[in-house]
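*Asks:* Everything below, folded, please.
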Amino acid sequence: MLLNINGLIFRVTIGTWNVAGILPCNDLEIEGWLCTEEPSDIYIIGLVCFIYFTVMLSCYVPHR
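*Replies:* Model (predicted):
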């Protein structure tokens, strides 16, 4: 993606990665995912991490 800001052109790579609360495999080749053969000026990476847990909510209401 090319971004033009006041006549300055930047190459931007945007991606998301669902890490699911675990470490990546040892043979991960992130260069292909980030398209490093034509490097970007700006990389925006959103990490999504879903960890399932139970939340216990207790409410305290003071007596008047």
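
*Asks:* Can you show me the CA trace of the host helix or strand of residue 12 as PDB?
*Replies:* Element membership of residue 12 [criterion: DSSP states H and E] is strand 8-18. Provided in PDB are the C-alpha atoms of strand 8-18 (Å, rounded to 0.1, in the frame of the first residue of the first chain):
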ATOM      1  CA  LEU A   8       5.900  12.300   0.600                       C
ATOM      2  CA  ILE A   9       5.100   8.800  -0.500                       C
ATOM      3  CA  PHE A  10       5.500   5.900   2.000                       C
ATOM      4  CA  ARG A  11       5.200   2.200   1.400                       C
ATOM      5  CA  VAL A  12       3.100   0.700   4.200                       C
ATOM      6  CA  THR A  13       2.600  -3.000   5.200                       C
ATOM      7  CA  ILE A  14      -0.400  -3.700   7.400                       C
ATOM      8  CA  GLY A  15      -1.200  -7.100   8.800                       C
ATOM      9  CA  THR A  16      -2.700  -9.000  11.800                       C
ATOM     10  CA  TRP A  17      -1.500 -12.100  13.400                       C
ATOM     11  CA  ASN A  18      -3.700 -14.300  15.700                       C
END
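
*Asks:* Please list the outside residues in contact with it.
*Replies:* By Cβ atoms under 8 Å, 6 or more residues apart in numbering, the list of residues contacting strand 8-18 from outside reads 1-4, 33-35, 38-50. The C-beta positions use only the backbone N, C-alpha and C, and glycine is treated the same way.

*Asks:* Show only the entries of the residues you listed found in strands.
*Replies:* Those of the contacts of strand 8-18 mapping onto strands are 2, 3, 4, 42, 43, 44, 45, 46, 47, 48, per DSSP state E.
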